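S.K.: Have a look; sequence and predicted model below, questions after that.
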Amino acid sequence: MKMKRVLVLGLLLGLLVSVLVSAAGRGEAKSEGFVIGVSNPWVGSEWRTQMVDRVQEVAQPYIREGFIKEVVVQSFDVPLEGQIDQIRNLISRGADVILVNPADANALNPVIREAVQRGIIVIATDTEVSSPDAINVAIDQAEWARISARWLVDKLGDQGKIVAINGISGHPANTARVRGYTEVFRDASGIEILNQVNADWDNALGQSTMQNLLATYPDINGVWVQDGMAEGALRAIRSAGRDDIYVTGEARVGYLNLWKETGIDGIGVANPPGCMASALEVAVQLLKGRELKDGVLSGPFGNTLYVPVPVVVTNLNFDTVYNEYKGYPDYYSVDGHITPAQAEQFFK
């Protein structure tokens, strides 16, 4: 296993060197600016809309100075084969960088290789791909889950019955999160997981799922829940008159508004749509011909550059975060991305 990891890392670094050389060469010749491609295969989520909007916003200073020519967005609901077509369309459009929010950790590997063989930098974000031809720029989704799971264990004093409401089964981010909270709850000997169900990252489905769980398990002490489903789960808990249940969730405005109304003792961990903007900042450094520092890539595939979770909301800092975001729509996510200076810290 160790030898296999060494070989994978060696291949990755070799491919990155070739991409960097190509990028540096283009940097000298491309006076008209670089083309950035964006592949997003799912638009049924306001989070994804915020992600695309944010990367376009962060690209604007680079466009004004001429470093970036344009951002070409391929964003529509497609099956996995459709995302492969998205990436091929971006190759045809002359993209120098393709930023991908992948629908699968492995299935895009052949088309990623097609792109890299043409000298295109491919960066996956939000979730990680296994391709040694790409790098991932993302928060650690497993750690994202561990943060709120540890909080829940602490609040329950290592003793209690909980349920978990997960996202889309088989999605890489969901899989990583389930792994993360499972590790925490497994190590807490007094925690019993009554049930784990999927509600597909849907607010309304999260609410009905929580209602069913409350009816089935009246002795619930806590709920671990992801993303926008947290708002639905909290609505169900409030409707049931249960103020004795500890709730976790993602830091979205609708969830924060309910938190304010109900006065819960909760936690909201930011899952930043700005992760793609962070990927763009890394791409800019690569386009300038810079080389990643040794040892900055890690993760299950050895090709991930982890950026920090930008905000964790608890009652200790709730008012500060709430006052900053209270004017935004309910679907809006508490956000953050790395700055150009922070991106530079990953490079030699």
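M.R.: Thanks, I have it.

S.K.: residues contacting the residue nearest to residue 228 when sequence neighbours are not counted?
M.R.: Nearest residue to residue 228, sequence neighbours excluded (Cβ to Cβ, 6 or more residues apart in numbering): residue 203, at 4.7 Å. All C-beta spots, glycine's among them, are computed from the backbone N, C-alpha and C. Applying Cβ atoms under 8 Å, 6 or more residues apart in numbering, we find residue 203 in contact with 228-229, 231-232, 254.

S.K.: Next one: the residue nearest the centre of the chain from residue 287, what distance?
M.R.: By Cα atoms, centre = their mean, the mean C-alpha position of the chain lies nearest to residue 126, the distance being 3.0 Å. Per Cβ to Cβ, to the nearest Å, residue 126 is found 21 Å from residue 287.

S.K.: ditto for residue 137
M.R.: For residue 137 relative to residue 287 (Cβ to Cβ), the value is 14 Å.

S.K.: Tell me which of those two has more neighbours.
M.R.: Set residue 137 next to residue 287 and count neighbours by other Cβ atoms under 10 Å: residue 137 wins out with 28 against 23.

S.K.: which stretch of helix or strand covers that one?
M.R.: strand 135-138 (DSSP states H and E).

S.K.: got the CA coordinates for that strand in PDB?
M.R.: Written as PDB, here are the backbone C-alpha positions of strand 135-138 (Å, rounded to 0.1, in the frame of the first residue of the first chain):
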ATOM      1  CA  ILE A 135      -5.700  18.300  -8.000                       C
ATOM      2  CA  ASN A 136      -8.500  18.900  -5.600                       C
ATOM      3  CA  VAL A 137      -9.000  22.200  -3.700                       C
ATOM      4  CA  ALA A 138     -11.600  21.700  -1.100                       C
END
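
S.K.: so how far is it from its chain's centroid?
M.R.: Relative to its parent chain, strand 135-138 has a centroid offset of 10 Å by Cα atoms, centre = their mean, to the nearest Å.

S.K.: ditto for stretch 334-348
M.R.: Stretch 334-348 has its C-alpha centroid displaced from the chain centroid by 16 Å (Cα atoms, centre = their mean).

S.K.: Can you give me the buried ones in it?
M.R.: 334-338, 343-344, 346 (16 or more other Cβ atoms under 10 Å).

S.K.: ditto for stretch 314-334
M.R.: Going by 16+ other Cβ under 10 Å, stretch 314-334 has these buried residues: 318, 321-322, 325, 328, 331-334.

S.K.: which outside residues touch that stretch?
M.R.: If you take Cβ under 8 Å, 6+ apart as the criterion, stretch 314-334 is touched by 46-47, 50, 151, 228, 231, 250-254, 256-257, 259-260, 265-268, 270-273, 310-311, 313.

S.K.: mind listing the helices for this structure?
M.R.: Assigned by DSSP state H, the helices in the chain fall at 2-29, 46-64, 80-92, 109-117, 141-155, 172-187, 203-216, 229-239, 253-262, 275-287, 318-325, 340-344.

S.K.: thinking again about what came up before, take the buried residues of stretch 334-348 and lay them out in TSV including pLDDT and distance to residue 88.
M.R.: Listed next are the buried residues of stretch 334-348 as TSV, based on pLDDT from 0 to 100; distance: Cβ to Cβ, whole Å:
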residue	pLDDT	distance to residue 88
334	97	35
335	97	30
336	97	32
337	97	28
338	98	29
343	98	28
344	98	32
346	98	29
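
S.K.: List the contacts of residue 157.
M.R.: residue 190.

S.K.: For it, give me phi and psi.
M.R.: With angles defined as degrees, to the nearest 10, residue 157 sits at phi 60, psi 30.

S.K.: Retrieve the pLDDT associated with it.
M.R.: Among the per-residue scores, residue 157 shows a pLDDT of 96.

S.K.: Okay, now the unreliable bits of this protein?
M.R.: Across the chain, the ranges flagged by pLDDT under 70 are 1-29.
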